[in-house]
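J.: take this sequence and fold it.
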Amino acid sequence: MTRIIRFTPNPATPPTAPDGYPDVFCGVLDGEVARSRDGRAWPLAGIHLLPPCSPSKIVCVGRNYIEHVKELGNEVPPEPLIFLKPRSALLGHEGAIEYPLLSSNVHHEGELGVIIAKRARRVDAASAMEYVLGYTCVNDVTARDLQKRDGQWTRGKGFDTFCPVGPWIVPKKEVDFSRLRIRTWVDGELRQDAPVSDMIFSVETILAFISQCMTLEPGDLIATGTPPGVGPLQIGCEVAVEIEGIGVLRNRVVRANAVE
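T.: Predicted structure coming up:
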């Protein structure tokens, strides 16, 4: 399995660092060795995995699994319900999710992430997969109390560290999409477990819908919605989003600092 990664040997490099930033490298993970595109190699133990894409935008789909729609008491949307997360929410594998001071009800939402390969503008569903590079794991972390209070989702889903992504991208040609299954674990307890085939709107439909209103650029990230089983996270817990055939994205929850 090809594992496309972005990484850094410098622990001070922020997870939001774009391509071209000092000490940011792109390449593949070959066993326990990270190999950059220029031929250099590092042992896995000597690097930090960054989000595997550097998106100009993060487009997310809400309410895309019927049972998740039911568990939150909502109605099934007639078309994809999309929203944006800021780049500043990006977080890599094993990075720390910061529990914000403004919230008392932060939830995990394990999701399949789709990475865009080339510019897509007004594409149709029949050709949409031509624009997909591959797949990754996403945790659409959500301050549920703020989401409900605000009536729209920007603040509740947009905090720094609220978009863990990774640990790598697996090219679409190497993925048997029909067998993908999302599982989310919190401190070893299975919270979410559903096949991606349960999605209301397919990846093709989602990409065609989004590209009618905004141009998707290479590296952009699409989070395709979460299955049922979302629930609260507590400070100190470890959350893992697993998609068999892709990987496991692990992050620990920490208390946000009152003063930076």
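J.: how near is the residue nearest to Arg155 when sequence neighbours are not counted to Cys163?
T.: In this structure, Arg155 finds its nearest non-sequential neighbour in Leu146, 5.3 Å apart by Cβ to Cβ, 6 or more residues apart in numbering. The C-beta positions use only the backbone N, C-alpha and C, and glycine is treated the same way. Per Cβ to Cβ, to the nearest Å, Leu146 is found 16 Å from Cys163.
J.: in terms of neighbours, single out the busier of the two.
T.: Taking neighbours as other Cβ atoms under 10 Å, Leu146 and Cys163 compare with Cys163 leading, 29 against 21.
J.: what's that one in contact with, if anything?
T.: For Cys163, the contact set (Cβ atoms under 8 Å, 6 or more residues apart in numbering) comprises 51, 58, 85, 89-91, 138-141, 223.
J.: got it, and Asp23?
T.: Shown in contact with Asp23 (Cβ under 8 Å, 6+ apart): 8-10, 13.
J.: any of those buried? List them.
T.: Buried members of the contacts of Asp23, counted by 16 or more other Cβ atoms under 10 Å: 8, 13.
J.: okay, among the contacts of Asp23, which ones form the most distant pair?
T.: Pro9 and Thr13 (8.5 Å; Cβ to Cβ).
J.: helices along the stretch 151-260 of the chain, start to end?
T.: Counting by DSSP state H, counting those that start in this stretch, the stretch 151-260 of the chain has helices at residues 154-157, 203-211.
J.: determine which of those approaches Ile4 most closely.
T.: That would be helix 203-211 among the helices of the stretch 151-260 of the chain, by Cβ to Cβ, at 18.1 Å.
J.: got a pLDDT number for the residue nearest in space to the middle of the chain?
T.: Residue closest to the mean C-alpha point of the chain, counted by Cα atoms, centre = their mean, is Val138 at 2.4 Å. The pLDDT attached to Val138 in the predicted structure is 98.
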